[in-house]
Each structure stands twice: as C-alpha cells, then as structure tokens.
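Q: Please find the sequence and the predicted model below.
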Amino acid sequence: MGIANIIPGVSGGTLAVILGIYEKLIDILSAIWKHIKENLKFLIPLFLGMGVAIILGSYAIDWGLDNFPIATTMFFIGLVIGGIPYIYLKVHKKYSIVNVLIFIIVVALVIFISLLSLNKEADLSNIDFLLVIKLFFVGMVAAATMIIPGISGSLVLMNLGYYEGIIEAIKGLTDLNKLGHNICILLPFGIGVIFGLIIIARLIKWLIHKFPVQSYFGILAFVIASIVCIILKMDASDFNVGEFILGFVLLSIGAFITFILARYDYNRNQTDDNDEDDLDNEVQDNEINDNKEIETENLENIDEKKDVE
C-alpha cells in the first residue's frame, strides 16, 4: 500500500481491497479509540510497513520508472487485476439499473479526475504559516483519496502541485543538512493525512453498512477505472518489444500474487462465516432442547398434581 500510494495512478485503497484488509481498516479508523490496544496491533505494523515502503520506494520506484517504465507500470496493473474476481463475487447477480448507473458514473468520474492535470508545482522552499496550513489541508485531501479504492493519492498530489515537493522531502530525510526543512514540510502534511483518514473512514464505513451492494459496485468501478487511469498515464514513447515482454511477465506475477492473497482472504472469510452459522445453529438447537425440557417438566408437574388430587 505504501509503494502504491507514491505512484501516480496506482491506488493504495485498491490494494487494501485486493489484499482483503479494506473493511477492517475502515472499521478501525472510524472508531480508533474503541479497543485501542487491538486497533494499534493492526495499525502499527501496517503504517510502519507503509512508512518504510514510502521511504525506500521513493528511490526504487524512481529507478524502476526511469529505467523500465512500461514493465514497472505493468507490474502494478497486474497487482490490481489479480484481485478483481473476488471483488466481483460481492456484486455477482445483484444487477439493477441503480447499481449499473453507479458503476458507470464512478468509472467516468475517476477517469475524468485522472485526466485533470494542473501542472503547477507548489513552491516549498520557504516555510511560512500559510504554507503549513496549506500542507495540512493537502494532507487531508491526499488521505481521503488514498483510502478510496481506485483514486490515486499521489495523482491527486500531482494535480494539486505538491507531489514532487513531498517526494523530495521524503527522500531528503536522509540529508541531515535539510532535515529540519523537510520535517517542517512533512509534519503538517502528515497530521493532515491522519485527520483525513479518520474523517473519510467514518463516511465509507457508513456507506458500506448502509448500502453494501451499491458500495461494492462503486468499489469495483474504482478498481477497474484505476487500470484505465494507469494505462492512460503510460508514455507511448517508452514502448519497446523487449520491455513489453518483461512487463507481461511482471504483470502475470503481480496478478498471481494478489489473486492468491485475495483467494486466501476469501476462503478465510468463508470459514469464519461457516463457523458463525454453526454457532448460531448450535445456539438454536440448545434453545429448542431447553424449551422441550421445560415443556416436559411442565407436563410432569401437571401429572403430579392430578395424582395428588
């Protein structure tokens, strides 16, 4: 998820759906203070992994996109494709005019947003109070888009003109001479990200619980649209046969990885659902047996009364 969030066009929220942790992540973020210890056990390793991936990935992704742009991009397309079958199972045979319209509108909206490019890079060289406030709200917007499947947070940052500055600040954390300056950039941005995650998580949780089928039609639309957005961002001038073959291999590997992970999560959820059904049946059987015992006792008491009379 960390690597996905620093690649324009790739959605960290999409990978969270594909990897099977999306609903749990939304539930925890929307009620983070409840069961805080259990929530932190989930969030700390997740955010540590994302943090490490963002720092290291800011170098690795730059190298991959500079040297093998087509192959690197195709690998991430594969990661997205692999989880689609198990997302589709949540909406299979639940078609309606409203659901199909939601799907079409979301696909069109995501592609339209991805095509917007303001191409105005913000100046982060001089830190002042106004810039700190801007970075806070940019962080909130970026977090909201990071957690929505199919919307690339880094792409939104690029459109807002803050992508290159934020990436440079992350890479500059290893430069002691500019450490203070980079922290002044990343701290308000990071606080904004935290606020954005909590606020948007509450909205998404409400939608999933209130309109589950419609929400997953929207999520499926986000995921499929993200593939289109990634392809649209590819530069045709980088195309060559050798790299395309390498990219196809990497696409297959990426799809296989997320397919296996999504399948594992799906089977685990099915097992949990079956266990819950078995438990419910057992409870119902116990209630029936208890009722039968009570009826038997009542009948025996009636017979005893008759005998006494």
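A: Everything's here; your move. Being a predicted model, the structure only gives us computed values, none of them experimental.
Q: got the contact list for Phe239?
A: Taking C-beta atoms under 8 Å, 6 or more residues apart in numbering, we find Phe239 in contact with Ile70. Bear in mind the C-beta positions are built from the backbone N, C-alpha and C, glycine included.
Q: Next, find the distance separating it from Phe195.
A: 41 Å (C-beta to C-beta, to the nearest Å).
Q: how near is Met1 to Glu38?
A: Computed with C-beta to C-beta, the distance linking Met1 and Glu38 is 20 Å.
Q: Compare the two and say which is more crowded by neighbours.
A: Between Met1 and Glu38, counted using other C-beta atoms under 10 Å, Met1 has the larger neighbour count: 22 against 10.
Q: How many residues are close by the nearest residue to the more buried one once chain neighbours are set aside?
A: The shortest distance from Met1 to any non-neighbouring residue, by C-beta to C-beta, 6 or more residues apart in numbering, is to Gly12 (4.2 Å). Gly12 has 24 neighbouring residues, counting by other C-beta under 10 Å.
Q: Check what pLDDT Gly12 gets.
A: According to the prediction, Gly12 has pLDDT 76.
Q: so it sits right up against Gly2, yeah?
A: Yes. Here Gly12 lies in contact with Gly2, judged by C-beta atoms under 8 Å, at a distance of 7.4 Å.
Q: Need the residues touching each of these two.
A: In contact with both Gly12 and Gly2: Met50, using C-beta under 8 Å, 6+ apart.
Q: show me what contacts Phe76?
A: Phe76 touches Ala4, Ile7, Val10, Ile230, Gly254, counting by C-beta under 8 Å, 6+ apart.
Q: And the helices in this protein?
A: 2-5, 12-18, 22-30, 36-67, 69-82, 84-88, 97-115, 129-147, 153-160, 163-171, 179-210, 212-232, 241-308 (DSSP state H).
Q: related to what we said a few turns ago, widest-spaced pair of the contacts of Phe76?
A: Longest distance between any two of the contacts of Phe76 is 12.7 Å, between Ile7 and Gly254; criterion C-beta to C-beta.
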